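>>> based on what follows, work out the 3D shape:
(chains A and B)
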2 protein chains.
Amino acid sequence: METELLTDYRFGLQQLTEIWGHACAIAVAKAFPLGSLGKRQPTVLVVCGPEQNGCVGLSCARYLRLFDYLPTVFYPKRSQQAVQQAFTVQCEKMDIPFLSYLPAEVQLINDAYKLVVDAVMGVQVELDSLGEPFTSILATLRNISTPIVSLDIPSGWQGCSSDTDRINPAVLISLMAPKTCSLSFQGTHFLAGRFLPYDLQKKYELCLPAFPGTDCIVQLLDAHT
Amino acid sequence: METELLTDYRFGLQQLTEIWGHACAIAVAKAFPLGSLGKRQPTVLVVCGPEQNGCVGLSCARYLRLFDYLPTVFYPKRSQQAVQQAFTVQCEKMDIPFLSYLPAEVQLINDAYKLVVDAVMGVQVELDSLGEPFTSILATLRNISTPIVSLDIPSGWQGCSSDTDRINPAVLISLMAPKTCSLSFQGTHFLAGRFLPYDLQKKYELCLPAFPGTDCIVQLLDAHT
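Coordinates of the predicted model:
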């Protein structure tokens, strides 16, 4: 479907990344409003993978900064693609700090950040193909108590059968449409990015919920209720 | 400032057009909510010029369609630029109709459309350089009773000293920052597009109002009150 959007519908990767990153930041702000984060600073760690999901993370981080959160980006494998480089520069020019490594000490992350945004892996990426440092990063994220917001899919869930090996996000933000592996997700679930042409929704038989008013996100009802 | 955004900050034209078009559609929906347009269909005529302002109009039309308005586009001089062609295809693929000509009969426009979006000219374009059919289009728009929403500047206001020669929009949506010619505008005024890096705002001494919450538009107070 994404190929169709990019070719037949002439959407651009830059355009889609902007739409998704913006909507994800709105969903983060909806799930964790500034006022709910306590008196200390509203710090958010955004962990970005090397592919498109990571690029959406960069766009999300930029919007979080505009919404008065204090994002820090960890982006250990930088893509050489022009779109991803541009979104990186946009973050750097907004004075968003980039971490050079992720502390392995879980308590350090719990103390330093109110939220973690998981933009490590999208649906087309297999954990095995990513390798290090992402295997270690996910091992760390499994053990933190800071709430995690995952973009598109919880990283590593696809093709991962065992619950104990999984990260456990509090919030999932599905892009375009919920993916199969989100069926077993029981936390707060949003659909983000309002742009899909109606005939494409029909063609792929996506029964998407209606977005209220002019909102670009909609909360999905728990499939188990 | 736009050059700086595109080069130093690595924003893309596609990205900025998407941000602006989305924010403009939100402002239109704020000024004229669906429910306020009466029982007949919420038709909107979007008149697009050949330059960047017209491209923002195309993006705005697409979002208006997503928000359940019924936009029709009039885009008499199509740009050959890839970005503008892509935004045109996106509208066409959303089944948004394109007019082949604008009725000169004012009453026809008044009867057919609840709103007109003026995306004819941005701030860098002089009316004289545009020529026909835009001179005639603006002459028509001066006489319609359908409320006009202008994007960035009311088309033709720049360098136009006489009030009687001007179109008279009900709503103005300034992009990035209000332009000089908007000082004499007395209708409902929005600032749209929340993305400007703070240091660029500081460098150009833009005293922009704060956007509430996660909103991408903010209503500006009338300078005369």
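>>> C-alpha only now, for contacts and for neighbours.
OK.
>>> what's the first helix or strand after the helix-or-strand element of chain A with minimal mean pLDDT?
None of the helices or strands of chain A scores lower by mean pLDDT, DSSP states H and E than helix A:127-130, at a mean of 76. Using DSSP states H and E, the helix or strand that directly follows helix A:127-130 along the chain is helix A:134-143.
>>> and that next one, what does it pack onto?
Using 3 or more Cα pairs under 8 Å, 6 or more residues apart in numbering or on different chains; DSSP states H and E as the contact test, no helix or strand touches helix A:134-143.
>>> for B:G49, see how far away the residue nearest the centre of chain A is.
Central residue of chain A (Cα atoms, centre = their mean): A:L151, 2.3 Å from the mean position. From A:L151 over to B:G49 the distance is 38 Å, taken as Cα to Cα, to the nearest Å.
>>> got it, and A:C207?
Taken as Cα to Cα, the span from A:C207 to B:G49 is 37 Å.
>>> for A:I153, same thing?
Distance of A:I153 to B:G49, computed by Cα to Cα: 41 Å.
>>> name the residues of stretch A:126-142 that are buried.
Under the neighbour-count criterion of 16 or more other Cα atoms under 10 Å in any protein chain shown, stretch A:126-142 has A:126-127, A:130, A:134, A:137-138, A:140-142 buried.
>>> just list the residues touching the closest residue to A:L115 other than its chain neighbours, thanks.
Nearest residue to A:L115, sequence neighbours excluded (Cα to Cα, 6 or more residues apart in numbering or on different chains): A:V44, at 4.8 Å. Contact analysis of A:V44 by Cα atoms under 8 Å, 6 or more residues apart in numbering or on different chains lists A:69-72, A:113-117.
>>> quick check, A:V44 in a strand?
Yes - under DSSP: H, G, I helix; E, B strand; the rest coil, A:V44 falls within a strand.
>>> can you pull up the bridge partners for it?
Counting by DSSP bridges, A:V44 is bridged to A:P71, A:L115.
>>> all helices of chain A, in order?
A:2-7, A:13-31, A:52-66, A:82-93, A:106-112, A:127-130, A:134-143, A:198-203 (DSSP state H).
>>> around chain B, pick out the residues from chain A.
Taking Cα under 8 Å from any Cα of the partner chain as the criterion, chain A approaches chain B at residues A:9-12, A:14-15, A:18-19, A:26, A:29, A:63, A:66-67, A:86-87, A:89-90, A:93-94, A:194-195, A:197-199, A:213-214.
>>> what sits against A:A177?
Residues near A:A177 by Cα under 8 Å, 6+ apart: A:191, A:206, A:208.
>>> distance check, it against chain B.
As judged by Cα to the nearest Cα, to the nearest Å, A:A177 and chain B stand 16 Å apart.
>>> for A:W20, same thing?
12 Å.
>>> report how many residues lie close to that residue.
Other residues near A:W20 come to 29 when the count uses other Cα atoms under 10 Å in any protein chain shown.
>>> for A:L221, same thing?
A:L221: 12 neighbours (other Cα under 10 Å).
>>> okay, and the beta partners of the residue nearest to it when sequence neighbours are not counted?
Among residues not flanking A:L221 along the chain, A:H189 sits closest, at 7.4 Å (Cα to Cα, 6+ apart). Beta-bridge pairing for A:H189 (DSSP bridges): A:L172, A:L220.
>>> okay, A:C207 and B:G49: which has more neighbours?
The residue with more neighbours, out of A:C207 and B:G49, is B:G49; 28 against 9, by other Cα under 10 Å.
>>> next, the more buried one: phi, psi?
B:G49 adopts backbone torsions of phi -80, psi 180, taken as degrees, to the nearest 10.
>>> distance check, it against B:P97.
16 Å.
>>> before we move on, what about A:T146?
With Cα to Cα as the criterion, A:T146 and B:P97 are 49 Å apart.
>>> between those two, point out the one with more neighbours.
A:T146 (21 against 15).
>>> report pLDDT for the more buried one.
Looking at A:T146, its pLDDT reads 97.
>>> do the same with A:G159
Confidence score, pLDDT, at A:G159: 63.
>>> still on that earlier bit, I'd like the contacts of A:V44 laid out as CSV, including neighbour count and pLDDT.
Below are the contacts of A:V44 laid out as CSV (neighbours: other Cα atoms under 10 Å in any protein chain shown; pLDDT from 0 to 100):
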residue, neighbour count, pLDDT
A:Y69, 19, 97
A:L70, 19, 97
A:P71, 27, 98
A:T72, 23, 98
A:Y113, 20, 97
A:K114, 21, 97
A:L115, 22, 98
A:V116, 25, 98
A:V117, 26, 98
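>>> make TSV from those and add distance to B:L172 to it.
Formatted as TSV, these follow (distance: Cα to Cα, whole Å):
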residue	distance to B:L172
A:Y69	30
A:L70	33
A:P71	33
A:T72	36
A:Y113	41
A:K114	39
A:L115	38
A:V116	39
A:V117	37
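>>> could you list the low-pLDDT ranges of chain A?
A:159-164, A:222-225 (pLDDT under 70).
>>> run the last query once more with 90
Applying pLDDT under 90 to chain A flags residues A:1-2, A:37-40, A:104, A:122-131, A:156-166, A:180-184, A:198, A:207, A:221-225.
>>> quick one: A:F87 and A:C55 touch, right?
Yes - here A:F87 reaches A:C55: they are 6.8 Å apart, a contact under Cα atoms under 8 Å.
>>> quick one: which of these two has more around it?
Neighbours per residue, other Cα under 10 Å: of A:F87 and A:C55, the larger number sits with A:C55, 29 against 25.
>>> can you tell me which residues contact the closest residue to that one other than its chain neighbours?
Nearest non-adjacent residue to A:C55, counting by Cα to Cα, 6+ apart: A:Q84, 5.7 Å away. A:Q84 is in contact with A:52, A:55, A:78, counting by Cα under 8 Å, 6+ apart.
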